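> mind looking at a prediction? Sequence and model below.
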Amino acid sequence: MKKKLLSLLTIILAVFAVFVSIQGFAFADETSAPGETDPTGASSDYPQSPNDPDPAEPSADDPPAEPENPFEDVKNGKWYTKGVLYCYENGYMSGIDGTHFDPNGTTTRAMFVQILAKVAGADLSGYDKDISTLPFTDVKSAWYTKALKWAYENKFTGGTGANTFTPNGKVTREQVATFLYTFAQKTGLDVSTKATLNYFHKDGSTVSKYAVNAMVWAVDIGLISGTADETLTPKGNCTRAQISLMIKKFIEYYSSTCSHVWTKPTCTTGSVCEICGYTKGTPYGHSSYANCKNPSKACIRCGRIEHALGHDIRVAATCTTDSSQCTRCGYYIKAFGHDIIKAPTCTDPSSPCVNCGYQDPPLGHKYVQEATCTTRSSKCVRCGKFIPALGHDYQIAATCTTPSSKCTRCGNIEAALGHDPVDGKCSRCGLVLYTNKTDQLRYFLKNTGTRLSDGSYMSVIYYQNFTIRLLLLPNRKDITMDFVYYYESGSSIFVKFYIPALSTGYNYDFGNGDGMTGNSRAIASGYLDGNTYKGGSVTFSSFSGGSSSRASWQITCGTQIDQGLKIFRQTISGSANMTGGITMADMGFKHYS
């Protein structure tokens, strides 16, 4: 009977080892050749046949022999040492090489199935590597195929989905518990339990729904005791060390003949057998626990007070991003913004942020009114500076004879500049403009318009032998400048003056008692032609007043016009740069003397 129980436990442990290796071992290469050594550490033709004899049971009189430890990375006295040596001695697991076990390494689901078959002592000779009978689309014909077909056929595994097994997936703690729980159920072992996961209040609620019963069972019989206080880590990868110890405990629990006498759990430990020392079940846990902000109350059983835990924030806040949420309460720290000591100005960036080095760019000037081509901007509201008028932006500049293109900013077109005569040549383009005085005068008259004006004013006071003073105030501007015209005939230049209603008048009273009083007015208008004009000669078209004064008025006006012509000549000499002088004859006044 005892031998049958040991055989059954061996099968159960095999399944459990498969689960553990899935959780904790590294994935194997699915394409390994059939003759290669499988990643579990035993040769590919392992396990032994069920017909092989069971190991000899030790005599009760003989002290248990201490197994030899061949692994340099498995130190005596570690929590997993006995589990590693137990699996090594029984051929369930071996090292990754002759002297290393890699206790912290992981295993794949494919490896775990292979280990499970070894622990169960399964005869795989009746299985082949034909995967057509398996429903899994992610499985290849490889070193683990026979063991997988055996486990699937016996309903020890159903895969990770309808059509997947995930052979290279790393097995987790809750998956290992589920493998062993299923194996125990299918082999008729008692898996009933009244335990809960309440003690593991930190992460017990994160156990996957499919694995809850298995995890409760695994905790209750002592296969899993947590990774830290009140922490179960159900989705953590199961290490090779954890797998080896779970296999050992699984076999010990179901093969034990001890009539256990269990102590009551404490706040931190489960029940302990007073006879064999085996530990099972979950601790009571403390009656009060701290949270992120507040400490716990004193435990009513042991008096323990737990300090406030503080927030468990995995990703810290930065200047621009919020922190991750606290894994316990959901609290998070908002982005705290840049810590910039010196703010940016219109032209300079800020000082670097003391936390991350970021710099705000220059603000740029802020003008209420922007500069235009012809006007400056308003003062910047921040620094008081202004931008001078931009000036026109012509893609094609104006020349002496052609206008510019449109300004790209305002659309203005600059007119042709005209020539700038210096010694007969244009100072800009070098064109020869004139070579003699006549051409020089012609150029001047053509390029300054038909009316000339220097804005000067001339007054002439004329006295006659009358008691009453007579004033003649013709504006030289009216006579000589605003109404000067020229025309050309052949090589000659002709100038005309328009005299617009020259008029003057006076009131008289001879004061000799003869009673003669009245007024006299002279009016003259028309063109003064340089071809026909004779100096000092003017004839009024109409005259009113004393006839004796007509001749005097004509002489006066003629004299005034002569003076105006002289001033005009002088103006021409200066304005046309004719510094050598020019005569009235040069201007077409052929009869002027």
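Structure received.
> please make it C-alpha for all contacts and neighbour counts, starting now.
Will do.
> residue 87 falls within a helix, correct?
Yes: the assignment for residue 87 is a helix, going by DSSP: H, G, I helix; E, B strand; the rest coil.
> ranges for the helices of the chain?
Here the chain has its helices, by DSSP state H, at 2-24, 81-89, 109-120, 145-153, 173-186, 212-220, 240-255, 437-447, 476, 550-575.
> among those, which gets the worst mean confidence?
Among the helices of the chain, helix 476 carries the lowest mean pLDDT, at a mean of 31.
> helix or strand with the lowest mean pLDDT in this structure?
strand 470-472 (a mean of 25; mean pLDDT, DSSP states H and E).
> shaky segments in the stretch 451-593 of the chain?
Within the stretch 451-593 of the chain, the stretches with pLDDT under 70 are 451-558, 560-561, 563-582, 584-593.
> swap the cut-off to 50 and go again
Along the stretch 451-593 of the chain, segments meeting pLDDT under 50 span 451-483, 485, 499-502, 506, 508-510, 514-516, 522, 524-525.
> residue 399 and residue 443, how far apart?
To residue 443, residue 399 is 18 Å away according to Cα to Cα, to the nearest Å.
> meant to ask about residue 397
25 Å.
> and for residue 208?
105 Å.
> I'd guessed residue 323 sits against residue 330; true?
No: using Cα atoms under 8 Å, residue 323 makes no contact with residue 330, being 10.7 Å away.
> looking at the two, which is more packed in?
Counted by other Cα atoms under 10 Å, residue 323 and residue 330 do not tie: residue 323 has more neighbours, with 18 against 11.
> residues contacting the closest residue to that one other than its chain neighbours?
Spatial nearest neighbour of residue 323, excluding adjacent residues (Cα to Cα, 6 or more residues apart in numbering): residue 317 at 3.8 Å. Going by Cα atoms under 8 Å, 6 or more residues apart in numbering, residue 317 touches 323-324, 333-336.
> one more pass at 10 Å, please.
Residue 317 makes contact with 323-324, 332-337 under the criterion Cα atoms under 10 Å, 6 or more residues apart in numbering.
> show me which of those residues is closest to residue 301.
Here the nearest of these to residue 301, counting by Cα to Cα, is residue 332; it sits at 34.2 Å.
> pLDDT at that closest one, what is it?
95.
> and what of residue 271?
89.
> try the one 4 residues further on
Per-residue pLDDT puts residue 275 at 91.
> also residue 1?
On pLDDT, residue 1 comes in at 39.
> quick one: the strands in this protein, in order.
For the chain, the strands defined by DSSP state E cover 271-272, 279-280, 421-422, 425-426, 460-462, 470-472, 484-489, 492-509, 517-529, 542-544.
> mean confidence (pLDDT) on the fourth one, please.
If I follow you right, that is strand 425-426. Average pLDDT, strand 425-426: 90.
> please renumber the chain so that the first residue is 634 from this point on.
Noted, 634 is the first residue going forward, which turns the last one into strand 1058-1059.
> tell me which residues are up against that strand.
With Cα under 10 Å, 6+ apart as the test, strand 1058-1059 has contacts from 1033, 1051-1053, 1064-1068.
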